[in-house]
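*Asks:* sequence unknown, structure follows:
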C-alpha cells in the first residue's frame, strides 16, 4: 500500500502496521517540518502560518503553537481560527484531530489518537489502531492534560490541569481528574463583568 492508502486505512479505524517504510518516512518528514515551524518563532504571523499550513491539513486564521510543537503526521490535523497552544504540545494524529475556533491549550497538552495492539506479539509486529479526537469551539484545555483516542470534547468545556481524558466531555462542562470526570456545568454564575469594561 502507498502512503495515501495507508492513511485511509488508519482513518477507517482498522488495525494497521505502524512500522511500514511509508509511515516511518512520513514521520521523519514531519519531524523536519515541525523543526522548521518551531524555528520560525519570533517571525511574522504570516510566515509562521504559512509554515503551519504546509504541515497540517488545515489551519484557520491566527492558529499558532508556542515552541515546541510535535506531531506524528500532521496531515490529519485540522485547526480552527485563533487556536492557541502553549509550550510543548504533542499530537499523534493518525486517527484524525479536529479542533474548533478559539480553543486554548495550556503547556504540555498531548493528544493520542493511536494505540498499540493489546496482544504482545501483534504489538511487536507493529499492529496499531486509531480513533479520532474532536474538540469543539471555545474549549480550554489546562496544562499537562492528556487526551486519549476516540474522545469528543464539547463546545465551551474546560479540562482541568493534569487530567487524563478517556471519555467524551459534554459541552460547557468542567471535567477534571485521572480519568477526567465531569465536575460541574459552566453557568451564567461563572460570568464576571470583564466584557463590560472592554
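*Replies:* Okay, I see it. Here the structure is a predicted model, which means the values were calculated and not measured.
*Asks:* ok, residues contacting the helix or strand containing residue 24?
*Replies:* If you go by DSSP states H and E, residue 24 is part of helix 21-39. Helix 21-39 has contacts (CB atoms under 8 Å, 6 or more residues apart in numbering) with 1-3, 6, 17, 48, 51-52, 54-55, 65, 67-75. Every residue, glycine included, has its C-beta placed from N, CA and C.
*Asks:* filter these to the buried ones?
*Replies:* Buried by 16 or more other CB atoms under 10 Å: 6, 48, 51-52, 55, 65, 69-75, out of those.
*Asks:* Those in strands, which ones?
*Replies:* Among those, DSSP state E puts 65, 69, 70, 71 in strands.
*Asks:* Turn those into CSV, including distance to residue 147.
*Replies:* Formatted as CSV, those follow (distance: CB to CB, whole Å):
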residue, distance to residue 147
65, 16
69, 15
70, 15
71, 14
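*Asks:* would JSON lines of these with pLDDT be doable?
*Replies:* Formatted as JSON lines, those follow (pLDDT from 0 to 100):
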{"residue": "65", "pLDDT": "98"}
{"residue": "69", "pLDDT": "98"}
{"residue": "70", "pLDDT": "98"}
{"residue": "71", "pLDDT": "98"}
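*Asks:* neighbours of residue 186, just the number please.
*Replies:* 14 (other CB atoms under 10 Å).
*Asks:* Also residue 165?
*Replies:* Counted by other CB under 10 Å, the residues lying close to residue 165 total 26.
*Asks:* looking at it, it is touching residue 146, isn't it?
*Replies:* Yes. The pair residue 165 / residue 146 is scored as a contact, 6.9 Å apart, by CB atoms under 8 Å.
*Asks:* which parts of stretch 125-136 are buried?
*Replies:* Using 16+ other CB under 10 Å as the test for burial, stretch 125-136 gives 127, 128, 129, 130, 131, 132, 133, 134, 135, 136.
*Asks:* Identify all contacting residues around that stretch.
*Replies:* With contact meaning CB under 8 Å, 6+ apart, stretch 125-136 is reached by 10-11, 13-20, 94-100, 103, 111, 113-117, 119, 141, 147, 149-157, 171.
*Asks:* which one among the buried ones among the contacts of helix 21-39 gets closest to residue 195?
*Replies:* Residue 195 has its nearest neighbour among the buried ones among the contacts of helix 21-39 in residue 65, at 27.3 Å by CB to CB.
*Asks:* right, and the closest one touches residue 89 too?
*Replies:* Yes. Applying CB under 8 Å as the test, residue 65 and residue 89 come out as touching, 5.6 Å apart.
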